[in-house]
Each structure stands twice: as C-alpha cells, then as structure tokens.
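A.B. asks: Dropping the sequence and predicted coords here.
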Amino acid sequence: MSKEGVKVRILDRNFTIACPPGEQESVEAAAEYLNRQLENMQTQSKVIGLEHTLVLAALNITNELLATRQDGRVDDDALSRVRELRDRVNSVTASRDPGN
C-alpha cells in the first residue's frame, strides 16, 4: 500500500504525516483538532511548558474518546485510526525532542 504525505501545522510547526491515499482529509482534520486542543491548553495556563501542554491535551482527547467509547459510539476502525495517529505523533515528537 502506498503512502502519501500530508502537510499539517501544529503550534506553528510544520509536519509531514504519511497516510494511505484517501485519508488526507482525515489526517488534516485530526491535526486541526489537536492544534485547537493544544492552543486551548496554552491559553488556559500560560506557565506550562510544551511537554505539559501535550500531555494535558492528550489526556483531554483520550477522555473524550473513552467517554464516546463507553457510550458505544466508537467502532474498532475509528479506535485503530486514533491509535495510529497517536503513534505517529509520538514518533514525530520523540524525534524532535533533543532530550531523547
């Protein structure tokens, strides 16, 4: 299966994310949602660092996912896609973290 690159901007940083053909809009929507969550975290508390912001946003998004899952509204495909996006974000942030 061939992969295509989607360029997204999160917290004023550009990323190219590989995804299967036809999923570009989904990745862009996920990036926009994540960016809004991160900006909200930064607005609510101007003192926290980027790592703390990422963790808080991830916890909020995970809480939303689990609440939706508990209501029985998430199918296995959606959950799999969220896990894949999480892994992609983890790999990108780990490679950009100079402390690793």
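C.D. replies: That came through, no problem. Note that the structure is predicted; figures quoted are calculated from it, not measured. Residues are numbered from 1 along each chain as shown.

A.B. asks: any idea which element the residue most central in space within the chain lies in?
C.D. replies: Per CA atoms, centre = their mean, the C-alpha nearest to the average position across the chain is that of residue 34, at 5.0 Å. Assigned by DSSP states H and E, residue 34 belongs to helix 24-44.

A.B. asks: which residues sit in contact with the closest residue to the residue nearest to the centre of the chain other than its chain neighbours?
C.D. replies: Sequence neighbours aside, residue 10 is the residue nearest to residue 34 in space, at 6.1 Å (criterion: CB to CB, 6 or more residues apart in numbering). To be clear about C-beta, it is placed using only N, CA and C from the backbone, and glycine gets the same treatment. Counting by CB atoms under 8 Å, 6 or more residues apart in numbering, residue 10 makes contact with 31, 34-35, 38.

A.B. asks: of these, closest to residue 52?
C.D. replies: Distance to residue 52 across these (CB to CB) is lowest for residue 38, with 11.0 Å.

A.B. asks: what sits against the closest residue to that closest one other than its chain neighbours?
C.D. replies: Leaving aside its chain neighbours, residue 38 sits nearest to residue 57 (4.9 Å; criterion: CB to CB, 6+ apart). Neighbouring residues of residue 57 by CB under 8 Å, 6+ apart: 34, 37-38, 40-41.

A.B. asks: before we move on, what about residue 60?
C.D. replies: 37, 41.

A.B. asks: quick one: contacts for residue 26?
C.D. replies: Contact partners of residue 26, counting by CB under 8 Å, 6+ apart, are 19, 81.

A.B. asks: From residue 13, how far off is it?
C.D. replies: Counting by CB to CB, to the nearest Å, the gap from residue 26 to residue 13 is 20 Å.

A.B. asks: Compute the number of surrounding residues for residue 45.
C.D. replies: Neighbourhood size, residue 45 [other CB atoms under 10 Å]: 10.

A.B. asks: Return the list of helices and strands in contact with the helix or strand hosting residue 89.
C.D. replies: Assigned by DSSP H and E, residue 89 belongs to helix 76-96. Packing partners of helix 76-96 (3 or more CB pairs under 8 Å, 6 or more residues apart in numbering; DSSP states H and E): strand 13-19, helix 24-44, helix 50-70.
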